[in-house]
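Enquirer: Just to be clear, the model below is a prediction. Sequence and coordinates:
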Amino acid sequence: MRREKKETGKISFPISSMIDCTFLLLIYFMSACSLNKTEGDLGFSLPGEGRETEAVVMPDEQVIEIDPEGAVVLNGQTFVRAKSRDLAELTETLLRFQAASRGAKIPALVSVSADDEALHERIALVLDCCHKAGLTNVTFSCGEDED
């Protein structure tokens, strides 16, 4: 038995509404995605030879060393021997250093380099001297690595 073919009608596609949607999308993307002309022409100048107008001021740094016996040494000058607890002379020296740094308008830096075997009490006394002198830029430096 043979089947009969059913005739199907032509499928029609509404082209006019599709063209309307296409133009609406085109107008939307044209208005939403505008190109910034400022990005295309960025003003810049290549580096040239630079001249220094002012002298570079390096901060003045004082190094306070504390050895295992408890001696306090400021830039090679010993202030306190092993058993002494009087750090008045160190405080006076740090006060003069602070005044000189303030007069020269440079930051006063103090670096405390304590030995691993140094007493913590001696380190606290040195930090107290720095506080009495009004020094706020105090750092601790580490010893060099031994190979």
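Expert: Perfect, I can see it now. Computed from a predicted structure; not experimentally measured.
Enquirer: immediately after whatever helix or strand Val112 lives in, which helix or strand?
Expert: Using DSSP states H and E, Val112 falls within strand 108-114. Once the chain leaves strand 108-114, the next helix or strand it forms, by DSSP H and E, is helix 120-132.
Enquirer: Using neighbour counts, pick out the buried residues of the strand holding Val112.
Expert: Within strand 108-114, the residues that qualify as buried are Ala108, Leu109, Val110, Val112, Ser113, Ala114, counting by 16 or more other C-beta atoms under 10 Å. In short, each C-beta sits where N, CA and C put it, glycine included.
Enquirer: same thing with stretch 69-85?
Expert: Neighbour counts over stretch 69-85 (16+ other C-beta under 10 Å) mark Gly70, Ala71, Val72, Val73, Leu74, Phe79, Val80 as buried.
Enquirer: For these, work out which two are farthest apart.
Expert: Greatest spatial distance in the buried residues of stretch 69-85: Gly70 and Leu74, 14.4 Å, computed using C-beta to C-beta.
Enquirer: Could you grab the helix/strand/coil label for Lys5?
Expert: Three-state call for Lys5 (DSSP: H, G, I helix; E, B strand; the rest coil): coil.
Enquirer: all strands for this protein, in order.
Expert: 60-66, 72-74, 77-80, 108-114, 137-140 (DSSP state E).
Enquirer: want to try a markdown table for those, with distance to Ala124 as columns?
Expert: Formatted as a markdown table, the strands of the chain follow (distance: least, C-beta to C-beta, whole Å):
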| stretch | distance to Ala124 |
| --- | --- |
| strand 60-66 | 11 |
| strand 72-74 | 12 |
| strand 77-80 | 13 |
| strand 108-114 | 11 |
| strand 137-140 | 12 |
